[in-house]
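Peer 1: Provided below are the primary sequence and the corresponding predicted coordinates.
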Amino acid sequence: MARLPHEPLQYHMYSGPPSNVANLPPQQKHIGHFFISDTLRHELTEKNFARLNYTSTDPSIPNEVNQYHSLMPLEDTDRGTRGAIGYVTVVYKAQSSRDGLIYALRRIEGFRLMNEDAMSVVETWRKIQHPNIASLYEAFTTTVFDDNSLVLVYDYYPLAVTMRDFYFGQSGMAPSGAVGPVQHNQSIPEATLWSYVIQLASALSTVHAMGLAFRTITLEHILMIDKHRLSLDRAGILDLVTYDMPGNVTQFQREDLSCIGRILIILACGNLHALTHTKEALAFIQRTYSASFKQVIMYLLGRLGPGRNVEDLLRIVGPRIFDELNAQQRQNDLLQAELSRELENARLVRLLTKFGFINERPEFNREADWSETGDRYLIKLFRDFVFHQVDEHGRPVVDMAHVLTCLNKLDAGVSERVMLTSRDEQSCLIVSYRDIKQCIENAFHELQQ
Ligand SMILES: Nc1ncnc2c1ncn2[C@@H]1O[C@H](COP(=O)(O)OP(=O)(O)OP(=O)(O)O)[C@@H](O)[C@H]1O
């Protein structure tokens, strides 16, 4: 639409999705709606629900532990198995009374801290902030669970599941002999696996640069926090639990790389037992994925030479980082497009709120000049025009598009005129949206006084 040089922008019109979003290939395409997409709204609502949900009725769970309350276990508390650290751990969601935020508390059952100096480990790990690592905030010992427990406080990600549960379900069922994608019908796409390698390499490069190591990374230690977005869980836990048994950090860092290599084999083969048949697993990977993908696994496992470090890994995966960067930017564009739609809606909510404040105020019911004359009368007629129209049979017209168009024009204060009719149809007024907008501003301003 042609616009004169000084004419204001047509704020009352939805601008539609940006071309870089509208022209995405079909599998990434979004239909331009007035509102946030159904999928994203559903996801966000579910996450908010998970964050707020508090349904625990287990009497053995204390009301409070330190400043954390509303504890809710995120797993079956009877399911506890001795994980990689040799202790049973249980994860709870809890709210901090200090900042009101929700955290994940990992409780190590029956753990007696023998050396208070071990807490210094937490100070070191606390400095690590990375988008693919669940930050460790604090650790404390407690007896409120009727035992000696050590509790570590991490970022909470609503609806996160471990990579093991995500790909293999809670039972982790796997017919042990076969190697190949037996548990899900399709192999995981190579691009997804590269994305995991890059996210994990990025997390490790931050941790290793601090002279630290995760020391154990398994499918249970990786949380899937969004579609193909992962976060390394349990930061610092082994350093804390084995404080009195220090080891060789370089060795631990190499072990981190080996762990990733092993995870990639399991994921690529789609089989939890793939490592018991490494030769067949690697042959399967060679047949299914590219040579460079197999190469990175061989490097991680130390098959291309014993000296391994994360800098070399970053060099090897370097060419793939652009793919990851591009995917992230595309995702960013999509979210920006969603956000810009919500921006329009936020304007409308503000406008409707003003309407709500002004119209039918009970305390002014008997004041004739409040709503029956002047500015406010006009606002009342406009409200009827937008919301209370009836068809020729007197039935209500419920037309969302009409409401949105009118409100957007009103918010922009366009010069277009509209005919407002009184309910008894005895009088009618022709006014511009700009005039009505001014009336609303005045009435709202008076109320604020
Ligand atoms: N930081 C977190 N944010 C949100 N949810 C989490 C977080 N950490 C763990 N969870 C949830 O708690 C569940 C249990 O976590 P956990 O790490 O104990 O897995 P697990 O399979 O029981 O491992 P293990 O057998 O070693 O205890 C996960 O599936 C996940 O849903």
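Peer 2: Received the coordinates, thanks. Numbers count the residues shown, from 1 in each chain.
Peer 1: going forward, measure contacts and count neighbours with C-alpha atoms only.
Peer 2: Noted.
Peer 1: confirm that residue 418 sits in a helix.
Peer 2: No - under DSSP: H, G, I helix; E, B strand; the rest coil, residue 418 sits outside any helix and is assigned strand.
Peer 1: for the residue lying closest to residue 432 once chain neighbours are set aside, give me the pLDDT.
Peer 2: Excluding its sequence neighbours, the residue lying closest to residue 432 (CA to CA, 6 or more residues apart in numbering) is residue 417, at 4.0 Å. Note on residue 417: pLDDT of 95.
Peer 1: count of neighbours near residue 417?
Peer 2: 14 (other CA atoms under 10 Å).
Peer 1: adjust the sequence numbering to begin at 31 for everything that follows.
Peer 2: OK, 31 is where the count begins now, so the last one is residue 447.
Peer 1: show me the contacts for it.
Peer 2: Residue 447 makes contacts with 460, 461, 462, 463, as judged by CA atoms under 8 Å, 6 or more residues apart in numbering.
Peer 1: secondary structure element holding residue 153?
Peer 2: Element membership for residue 153 (DSSP states H and E) is helix 150-156.
Peer 1: for the chain, where's the lowest mean pLDDT among helices and strands?
Peer 2: helix 398-401 (a mean of 55; mean pLDDT, DSSP states H and E).
Peer 1: ok so, going back, wait, which of the contacts of residue 447 is closest to the ligand?
Peer 2: When the contacts of residue 447 are ranked by distance to the ligand (CA to the nearest ligand atom), residue 463 comes first, at 49.3 Å.
Peer 1: burial of the residue lying closest to residue 251 once chain neighbours are set aside, as a residue count?
Peer 2: Taking CA to CA, 6+ apart, and ignoring the residues beside it in sequence, residue 251 has residue 263 as its nearest neighbour in space, at 5.2 Å. Using other CA under 10 Å, the number of residues around residue 263 comes to 21.
Peer 1: quickly note the distance from residue 263 to residue 256.
Peer 2: 14 Å (CA to CA, to the nearest Å).
Peer 1: please apply the same query to residue 405.
Peer 2: 50 Å.
Peer 1: more crowded one of the two?
Peer 2: residue 405 (19 against 14).
Peer 1: quick one: which helix or strand includes that one?
Peer 2: Element membership for residue 405 (DSSP H and E) is helix 404-417.
Peer 1: which strands and helices lie in contact with that helix?
Peer 2: helix 398-401, helix 430-442, strand 447-451, helix 463-478 (3 or more CA pairs under 8 Å, 6 or more residues apart in numbering; DSSP states H and E).
Peer 1: adding distance to the ligand, write the ones you listed out as TSV.
Peer 2: Formatted as TSV, the helices and strands packed on helix 404-417 follow (distance: least, CA to the nearest ligand atom, whole Å):
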stretch	distance to the ligand
helix 398-401	53
helix 430-442	39
strand 447-451	53
helix 463-478	44
